[in-house]
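>>> Provided below are the primary sequence and the corresponding predicted coordinates.
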Amino acid sequence: MVSDGTMVAGQVRYQLTLLLRTPRTLMAGLILPGALLALQLGRVQHLGQGAAADVLAARVAGLVVLGAMSLAYLCHASGLVVAREDGVLRRWRATPLPAWGYFAGRIVATVLLADAAALILVLVGVAMAGLHLTAGAIGGLLLAGTLGALALAAAGTAVTPLLTSAQGANPLLTLTYLPLIIFSGGFGGLSGLPHWLDTLMSYLPAQPMIDAVTRALQPSPSVSGRDLAVLAAWAVGGLLLSVRFFRWDPARPRHARTAGAANLARSV
């Protein structure tokens, strides 16, 4: 008999294969952030050495989080909605793979790909702009990136019950995705924001993740316990909400359910 661990490992490999074969995933998670980084490097290099190091770390961190949000929130959540509405999730539920194993495999694959994309972006910064990278920086990056991607994937899973159609999933997710990454400083710091908005952003996952990655990429890497605590809270809260409210069956309109019931009654 195949163990749960073996099935989950197979699920991780399967989900990674699906992600790598999806052009939208690679475009949103790696190619777009990499292109934006290449465009910004020239401006950073005109600054003084100390200022350039600080600004470069912040710019790379913002684009790392942009890629993580694209993969772990936008693509992950929309992919779940499409799988649910196409009946794929219902078929997975009928297999020997436990429900927690399906989500573990899907989320772990998403987090691994987000971490890989983050490392590639950082290496681009090292090669093209002389970003200083140490063993401590890599450790801090992986810690912040993994916890942040987990928080975003948990949040993305938790919102799927609110998304009732595959066609409307991307537009609705984008309504939260774009303001969150912009006001959190994903494309550079914003001045003049209202105090309440800046405070709100500090309790949502994007800004703490940007801050944590920025600290990790500084010449003297450090870790903010507050940022990691916020990300951990989002990860735990999102997973708990997902366990309670996640739906496996397609969200069909009421008239479709009524018509289906009537057809079933006539066939009987």
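Structure's in. What do you need?
>>> list the contacts of the spatially most central residue of the chain.
Nearest to the geometric centre of the chain sits Ala72, at 2.1 Å (C-alpha atoms, centre = their mean). Shown in contact with Ala72 (C-beta atoms under 8 Å, 6 or more residues apart in numbering): Thr110, Val111, Ala114, Gly148, Ala149, Leu150, Leu152, Ala153, Gly156. For every residue, glycine as well, the C-beta is placed using N, CA and C.
>>> ok, the last one touching Val81?
Going back to what we said before, that points to Gly156. No: counting by C-beta atoms under 8 Å, Gly156 stays clear of Val81, with 9.8 Å between them.
>>> sorry, back to before: so what's the residue nearest to the centre of the chain scoring on pLDDT?
The confidence metric pLDDT takes the value 93 at Ala72.
>>> mind checking how far it is from Gly136?
24 Å (C-beta to C-beta, to the nearest Å).
>>> and for Ala144?
For Ala144 relative to Gly136 (C-beta to C-beta), the value is 12 Å.
>>> show me where the chain has helices.
Assigned by DSSP state H, the helices in the chain fall at 4-20, 23-26, 32-45, 49-68, 76-85, 88-93, 99-129, 135-159, 166-183, 195-202, 206-216, 225-245, 254-267.
>>> most tightly surrounded among those helices?
helix 206-216 (a mean of 26; mean count of other C-beta atoms under 10 Å).
>>> name the residues that touch that one?
57-58, 60-62, 64-65, 68-69, 118, 136-137, 139-141, 143-145, 147-148, 151-152, 180-181, 184-186, 201-202, 221-224, 226-228, 230-231.
>>> can you pull the contacts of Asn250?
Not quite, residue 250 is Pro, not Asn. Neighbouring residues of Pro250 by C-beta under 8 Å, 6+ apart: Arg84, Glu85, Asp86, Gly87, Arg90.
>>> how about Val124?
Contacts of Val124 (C-beta under 8 Å, 6+ apart): Gly34, Leu37, Ala38.
>>> and of those, the nearest to Met27?
Using C-beta to C-beta, Gly34 comes nearest to Met27 of the contacts of Val124, at 10.3 Å.
>>> any low-confidence regions in the stretch 1-150 of the chain?
1-2, 42-53 (pLDDT under 70).
>>> I figured His132 was touching Ile138, is that so?
No: counting by C-beta under 8 Å, His132 sits too far from Ile138 to count as a contact (11.6 Å).
>>> if we can go back for a sec, Ala99: which of the contacts of Ala72 is nearest?
For these, the closest approach to Ala99 (C-beta to C-beta) belongs to Ala153, at 16.0 Å.
>>> the closest one: what's it in contact with?
Ala72, Tyr73, His76, Ile107, Thr110, Val111, Gly238.
>>> same question, Gly185
Gly185 makes contact with Ala58, Gly62, Gln207, Ile210, according to C-beta under 8 Å, 6+ apart.
>>> and the third one, how close does it get to Gln15?
For Gln207, the distance to Gln15 (C-beta to C-beta) stands at 28 Å.
>>> same thing with the last one?
Ile210 is 26 Å from Gln15, where distance means C-beta to C-beta.
>>> what confidence value was assigned to Pro253?
Pro253 is assigned a pLDDT of 52 by the prediction.
>>> likewise for Ala256?
Per-residue confidence (pLDDT) for Ala256: 46.
>>> before we move on, what about the one 5 residues further on?
Taken from the predicted model, the pLDDT recorded for Ala261 is 40.
>>> now do the one 3 residues further on
Reading off the per-residue confidence, Leu264 sits at a pLDDT of 32.
>>> I'd like the numbering to begin with 48 instead of 1 from here.
All right, first residue 48 from here; so that's Leu311.
>>> what's the end-to-end length of stretch 234-248?
Stretch 234-248 has an end-to-end distance of 14 Å (criterion: C-alpha to C-alpha, to the nearest Å).
>>> oh sorry, the question was meant for stretch 122-138
Stretch 122-138 stretches 21 Å from its first residue to its last (C-alpha to C-alpha).
>>> and the contacts of that stretch?
Residues from elsewhere that reach stretch 122-138 (C-beta under 8 Å, 6+ apart): 66, 69, 71-72, 75-76, 139, 149, 153-154, 157, 199-200, 203-204, 206-207, 210, 212-213, 216-217, 220, 294-298.
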